[in-house]
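Peer 1: Generate a structure from the sequence data that follows.
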Amino acid sequence: MSLNRSHPEKTPHILVLGMGGTIAGLASAPEKPLEYVAGQVGVDSLVTHIESAIPQGVKLLSHQLANINSRNLSESLLSLLGKTVRSSLEDPAVLGIVVTHGTDTIEETGVFLQLSCGQHANRLGKRVILTGAMLPSNAPGADGPSNLLDAIKWASTPLDNCPGGIYAVMDGRVCMAMDLAKRHPSALNAPVQSSPSSSAGLINPSWLSGVKAVQTAWTEDLPIPEEGEWPWVEILTSHAGARPETVSLWAESQVKGLVLAGSGMGGFHDAWLEPLKQAASKGIALVRTSRTGSGFTLPNIPEKEPLGCLASGGLSAPRARIALQLALNAEKQAKLAGKSLTWQDFFARIAVLPAVG
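Peer 2: Below is the predicted model:
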C-alpha cells in the first residue's frame, strides 16, 4: 500500500476521504458497543488498520474532511465534500474515491453526491464509494474494517465489472448511493437492507441493468450550492390529529420549500389543505412523499396533486429534501444565467429516474 512518499499525490491511487461516523467511533468499553462516541479515530488510522489486507498494487492516499457524528452533518460539509469529490475525480492520479461516513445521514449524502457528481463520475469512468459501520472501531467484531476493505477493493476493480458512478458498499453488498436507506437502528446491514443491491463480489446482472438505466438517464449534474447558499427546506410529517398551524407557521417564515412526509401513498391530513395553498401562493416549493420510507409516491395518486406540489417518485423524505434544495439552487443559478428553468423542471428530472432492480 506504500506510496511514493516524495510525490504521493502524483502516484495513481485510491483516495480515502474521512467524514467521521461510527466507523471512526470508540466505545467506552468494548463489551458495551452501543455506548460510544462517533468520530474519534482519524481516517489515516482506519486505513492503516487494514493495510496488510489491501490488494497488491493498490495504493491509497487518505484525507480527513471532517470527524463528526453524522447526525450533525451540515450543508456546508456537504458542499465541501461535493467540491472535493468533483475536483478529485478530475485528478488523473485519482483512480477512485472511498468516503467513510456515518450511517445516520448516509442516504442524504448518497443522493447529494449522485445528483451533483454522478454524471461526472460516470463520464470519467471512476467510482465514488460510500461506506461506514454500525459498530464502533473498538467493538468485538467491528464491521468497519471489512466494509472499508470491500469499498477499496470495489473502487479499484475494472470498469467492465460495473461503470463509474456513485455507489455504497456495506455488509458485502453494493448499491447505488442514491438508494441508501437506513431503516433499522442497529442491524449491521441497516443502510442497505431496504435498498436494491448486489453482492459486491459477484455483480447481479439485473441490478447492473438498472444501474446502467439510471446512468443513461442522469445526463447533467446539478450545481453544488456554495456554503451559506443552501435553500432552507424543512420536512413535515402528517399524522393523526395534524393541525393546520403546522403548515401555516412555516408559511410565515423564510422557508423556501417543504417536504410533506404523508401517510400511505403520500396523502396528508385534510387540515393541511388550506395552509398549503397559502404556502404555494407565497412561492414556497412543495414536494410530497411517504413517511413509510420506501416505495414510490406517484403524481395525482391517490388524489389530484395540490397546485404547485410535486410527487417525489422513489425519494424518501430525507432524500427528497436534499433533492429539493439542489433543485431550488439550480433554479437560482439558471435565472442568473438568463434561463427560464424552474425548480419543478429540475426536480422532475430527479423524480422520474428509473428504479434499480
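Peer 1: C-alpha only now, for contacts and for neighbours.
Peer 2: Will do.
Peer 1: neighbouring contacts of the helix or strand encompassing Gly210?
Peer 2: Using DSSP states H and E, Gly210 sits in helix 205-217. The contact list for helix 205-217 (C-alpha atoms under 8 Å, 6 or more residues apart in numbering) reads 118-119, 122, 162-163, 165, 176, 196-198, 353-357.
Peer 1: let's see 10 Å
Peer 2: Helix 205-217 is contacted by residues 114, 118-119, 122-123, 161-167, 174-176, 196-199, 218, 349-350, 352-357 when judged by C-alpha atoms under 10 Å, 6 or more residues apart in numbering.
Peer 1: Near the nearest residue to Ile50 once chain neighbours are set aside, how many residues? Count them for me, please.
Peer 2: Leaving aside its sequence neighbours, Ile50 sits nearest to Pro145 (C-alpha to C-alpha, 6 or more residues apart in numbering; 6.4 Å). Neighbours of Pro145 under the rule other C-alpha atoms under 10 Å: 19.
Peer 1: Kindly report the same for Thr237.
Peer 2: 17.
Peer 1: CA atoms of the helix or strand that the helix holding Gly210 is followed by as PDB?
Peer 2: Remark: after helix 205-217, the chain's next helix or strand is strand 233-237, criterion DSSP H and E. Output of strand 233-237 as PDB, limited to C-alpha atoms (Å, rounded to 0.1, in the frame of the first residue of the first chain):
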ATOM      1  CA  VAL A 233     -36.200  23.300   3.300                       C
ATOM      2  CA  GLU A 234     -38.000  21.500   6.100                       C
ATOM      3  CA  ILE A 235     -39.700  18.100   6.400                       C
ATOM      4  CA  LEU A 236     -43.300  18.000   7.900                       C
ATOM      5  CA  THR A 237     -44.800  14.600   8.800                       C
END
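Peer 1: Can you list the strands that strand 233-237 pairs with?
Peer 2: Counting by DSSP bridges, the strands paired with strand 233-237 are strand 257-262 (parallel).
Peer 1: Could you list the residues in contact with the helix or strand following the partner strand?
Peer 2: Note on strand 257-262: by DSSP H and E, the next helix or strand toward the C-terminus is helix 273-281. By C-alpha under 10 Å, 6+ apart, the surrounding residues in contact with helix 273-281 are 243-252, 255-258, 282, 284-286, 306-309.
Peer 1: Mind jotting down where the helices sit in this protein?
Peer 2: 43-49, 75-89, 106-124, 144-155, 205-217, 245-251, 273-281, 317-336, 343-351 (DSSP state H).
Peer 1: could you dump those to a markdown table with mean pLDDT?
Peer 2: Listed next are the helices of the chain as a markdown table, based on pLDDT from 0 to 100:
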| stretch | mean pLDDT |
| --- | --- |
| helix 43-49 | 96 |
| helix 75-89 | 98 |
| helix 106-124 | 97 |
| helix 144-155 | 96 |
| helix 205-217 | 93 |
| helix 245-251 | 95 |
| helix 273-281 | 94 |
| helix 317-336 | 97 |
| helix 343-351 | 95 |
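Peer 1: now those helices in a markdown table, with distance to Lys182?
Peer 2: Formatted as a markdown table, the helices of the chain follow (distance: least, C-alpha to C-alpha, whole Å):
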| stretch | distance to Lys182 |
| --- | --- |
| helix 43-49 | 23 |
| helix 75-89 | 19 |
| helix 106-124 | 7 |
| helix 144-155 | 16 |
| helix 205-217 | 19 |
| helix 245-251 | 26 |
| helix 273-281 | 29 |
| helix 317-336 | 11 |
| helix 343-351 | 20 |
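Peer 1: Tell me which of the ones you listed sits nearest to Ser290.
Peer 2: Proximity to Ser290, assessed across these by C-alpha to C-alpha, is greatest for helix 317-336 (7.0 Å).
Peer 1: Who are the packing partners of the closest one?
Peer 2: Helix 317-336 sits against helix 106-124, strand 233-237, strand 257-262, strand 285-290, helix 343-351, with contacts defined as 3 or more C-alpha pairs under 10 Å, 6 or more residues apart in numbering; DSSP states H and E.
Peer 1: how many neighbours does Asn300 have?
Peer 2: Neighbour tally, Asn300, other C-alpha under 10 Å: 13.
Peer 1: Against Leu258, how distant is the closest residue to Val247 other than its chain neighbours?
Peer 2: With sequence-adjacent residues excluded and distances taken as C-alpha to C-alpha, 6+ apart, Val247 is closest to Pro275, at 5.9 Å. Distance, Pro275 to Leu258, by C-alpha to C-alpha, to the nearest Å: 12 Å.
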